[in-house]
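>>> coords below, sequence missing:
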């Protein structure tokens, strides 16, 4: 039982970290696209 709990906890931590990294990457791409558009103008 204890092993199961710690395992699911590790999974949720890893999943949250993945989500955060994904969000940061998405924001970075958006920022890059905006700067590219500004450079073309």
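That came through fine. On a predicted model such as this, the values are computed, not experimentally measured, just so you know.

>>> so where do the helices sit in this protein?
When assigned using DSSP state H, the helices of the chain occupy the ranges 2-40.

>>> Report the residue spans of it with pLDDT below the cut-off.
Scanning the chain for pLDDT under 70 picks out the ranges 1-5.

>>> Number of residues surrounding residue 35?
Other residues lying near residue 35 total 10 when counted by other CB atoms under 10 Å. (Glycine included, C-beta is placed from N, CA and C.)

>>> Same question for residue 25.
By other CB under 10 Å, the burial measure for residue 25, its neighbour count, is 10.

>>> what do you get for residue 31?
Neighbour count for residue 31, taken as other CB under 10 Å: 10.

>>> Same check on residue 40?
Other residues close to residue 40 by other CB under 10 Å number 6.

>>> Residue 16 now?
Residue 16 has 10 nearby residues by other CB under 10 Å.

>>> Next one: it relative to residue 36, how far apart?
To residue 36, residue 16 is 31 Å away according to CB to CB, to the nearest Å.

>>> With residue 24 instead?
Taking CB to CB, one finds residue 24 at 19 Å from residue 36.

>>> And for residue 8?
42 Å.

>>> And for residue 25?
16 Å.

>>> Please apply the same query to residue 9.
Residue 9 is 41 Å from residue 36, by CB to CB.

>>> What residues sit buried inside stretch 34-41?
Within stretch 34-41, no residue counts as buried by 16 or more other CB atoms under 10 Å.

>>> Show residues contacting that stretch.
For stretch 34-41, there are no surrounding residues in contact (CB atoms under 8 Å, 6 or more residues apart in numbering).

>>> Now do that stretch: distance to the chain's middle.
25 Å (CA atoms, centre = their mean, to the nearest Å).

>>> can you check stretch 27-41 too?
The answer for stretch 27-41 is 20 Å, by CA atoms, centre = their mean.
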